[in-house]
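>>> with the sequence up front, the predicted model follows.
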Amino acid sequence: MYRLLAEHASDLVLRRDPAGIVGWVSPSVVDVLGIPPEAMVGRPVADFVHPADSPSHEALLHTVLVTGSPGGQAKVRFAQPDGGWRWMSVQARVLCEADGRVLGAVEALRDVQTEVEAQESLARSEQQFRLAMASAPIGMAVVDLERRFVQVNPALCQMLGRSEEWLLSRGIADLLGPDPEADARDLRVRLELQSGQRDSVTSDEHMLTADGADLFVTHAIGLLRDDHGTPLWFVSQFVDITEARRAQGQLHFLATHDAMTSLANRAELFDVLAALLDREQSATTSVGVLFIDLDGLKEINDTYGHAVGDQVIMRLADRLRTHVGAQDVAARIGGDEFVVVLPVLPGVVSAAENVALARAEAIREDLAAGVSTDSGAIVPTVSIGLALAEPADGVEDVLARADQALYRAKQGGRNCIVVFDPTEDSARPG
């Protein structure tokens with residue numbers, strides 16, 4: 001009965017004596033290894049075991065035959081007629097007489113080639129993934145479903161100025177910048193990935209390094225799922241775009257600001273003022289414009305030279321900047337012409353004029369103080385025209401009225417402030 005069971009088993013069964021000689025092998029050896037039974041019987045089992053696996057195989061049989069252990073298990077490669085090798089899982093049991101004398105052992109061999117190949121393939125994939133992460137020039141991380149770091153690469157550690165240990169004890173939320181919406185945005189995106197609404201997400205994010213410095217990255221997130229579609233981990237890629245962002249900001253600054261004074265240029269002034277005038281009119285606030293002209297720039301240039309004249313302009317721009325609040329705009333629109341936009345004035349005209357006049361007077365007094373140049377101290381003066389925007393005004397309208405008020409200030413002796421008055425003759429002589 002036992003022989004029938006062994007002969008018809010799908011696993012390979014063999015009996016060996018204490019010296020390792022095969023005494024019997026089941027017919028399934030043909031199907032499993034492609035070897036006829038008679039080719040194995042009478043030969044040492046070791047002849048069919050891969051040399052690299054022989055130590056583990058012999059250790060298994062030593063445990064069974066010598067130490068008296070009831071059995072053991074090992075994975076061993078067995079030879080095939082074509083010269084190949086096949087992975088088998090070997091289980092061994094000691095075979096004894098009734099009096100306890102050891103007759104040998106019975107080995108049961110199960111084909112695990114497919115299992116081993118799958119394990120090796122997985123190990124290769126994991127190794128390739130680890131190597132790819134380790135050598136990748138961009139930051140990479142595996143993040144669990146709770147948004148905690150599971151694996152990070154050296155590039156990400158270097159980018160953030162953080163150790164691997166520090167990152168693996170933290171999560172994405174610990175790296176996000178000052179934007180209060182950043183964490184909620186990241187959580188929302190990951191939930192959308194898990195629900196299948198999106199396959200991947202790429203966005204620009206503001207993060208912080210270990211020393212608190214700003215770090216801008218392009219953050220790409222993908223989701224890994226198992227064979228059943230169950231979410232496992234997120235894979236994140238981080239590309240440092242800090243320098244590109246700074247360069248972009250610098251280019252924008254150069255395009256929108258005066259090269260000499262770093263104040264806004266004419267184009268930027270027109271854009272900002274247009275946006276202010278296009279917004280919904282408020283009953284509580286109004287927009288005022290100060291048109292400022294440096295008196296006697298030609299005389300300064302003729303007397304001291306254009307280099308000194310440029311120094312005067314830059315000193316006046318520096319002082320003008322100190323009078324500009326966070327919501328105000330100061331611009332240089334010509335050689336000696338400046339404009340200040342005051343977007344938050346009282347809605348009542350008389351009150352708005354009073355506030356704007358006070359601001360203008362402070363600017364006039366400060367700009368009229370002496371400035372230091374390479375040719376010594378020079379005491380310049382400025383003339384200022386003031387106009388308040390009206391509901392239907394465009395940029396050209398309010399600037400034209402402020403310019404007309406400035407013209408009257410120049411005509412009135414300079415070094416003064418004039419508020420536009422529509423009742424006066426607004427025609428400017430040619």
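Thanks, I have it.

>>> tell me which helix or strand the closest residue to residue 200 other than its chain neighbours sits in.
Spatial nearest neighbour of residue 200, excluding adjacent residues (Cβ to Cβ, 6 or more residues apart in numbering): residue 222 at 4.7 Å. Every C-beta, even on glycine, is put in place using the N, C-alpha and C of the backbone. According to DSSP states H and E, residue 222 maps onto strand 214-225.

>>> CA atoms of that strand as CSV?
The C-alpha trace of strand 214-225 is given here as CSV (Å, rounded to 0.1, in the frame of the first residue of the first chain):
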residue,chain,number,x,y,z
ASP,A,214,12.7,77.5,1.0
LEU,A,215,12.8,74.5,-1.4
PHE,A,216,10.5,74.5,-4.4
VAL,A,217,10.0,71.1,-6.1
THR,A,218,8.0,69.5,-8.8
HIS,A,219,6.3,66.6,-6.9
ALA,A,220,5.0,63.6,-9.0
ILE,A,221,2.9,61.0,-7.1
GLY,A,222,1.9,57.6,-8.3
LEU,A,223,0.1,54.7,-6.5
LEU,A,224,1.3,51.1,-6.4
ARG,A,225,-1.4,48.4,-6.1
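
>>> need the contact partners of stretch 180-200.
145, 147, 172-173, 176, 201, 203, 205-206, 220-223, 231, 234 (Cβ atoms under 8 Å, 6 or more residues apart in numbering).

>>> farthest pair within the residues you listed?
206 and 231 (26.6 Å; Cβ to Cβ).

>>> which ChimeraX command selects the buried ones in the contacts of stretch 180-200?
To isolate the buried subset of the contacts of stretch 180-200 in ChimeraX, counting by 16 or more other Cβ atoms under 10 Å, use the following:
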select :147,172,176,201,205,206,220,221,223,231,234
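
>>> what segments of the stretch 151-300 of the chain are helices?
Taking DSSP state H, counting those that start in this stretch as the test, the helices found in the stretch 151-300 of the chain are 154-160, 164-168, 182-195, 242-256, 266-278, 297-304.

>>> what packs against the shortest one?
Helices and strands touching helix 164-168, as assessed by 3 or more Cβ pairs under 8 Å, 6 or more residues apart in numbering; DSSP states H and E, comprise strand 149-152, helix 154-160.

>>> for residue 395, find the nearest of those.
helix 154-160 (44.2 Å).

>>> one step back: let me see the contact set for the residue nearest to residue 200.
Contacts of residue 222 by Cβ under 8 Å, 6+ apart are 193, 199-200, 234-235.

>>> what do you get for residue 412?
residue 418.

>>> any of the contacts of residue 222 buried? List them.
Taking 16+ other Cβ under 10 Å as the criterion, what is buried in those is 193, 234-235.

>>> from those, which is closest to residue 77?
Minimum distance to residue 77 across the buried ones among the contacts of residue 222 is 35.2 Å, recorded for residue 235 (Cβ to Cβ).

>>> biggest helix in the chain by residues?
Looking across the chain with DSSP state H, the single longest helix is helix 113-135.

>>> mean confidence for that one?
Helix 113-135 carries an average pLDDT of 79.

>>> quick check: next helix or strand after it?
strand 139-143.

>>> on contacts alone, who are the packing partners of that next one?
So strand 139-143, by 3+ Cβ pairs under 8 Å, 6+ apart, packs with strand 149-152, helix 154-160, strand 231-240.
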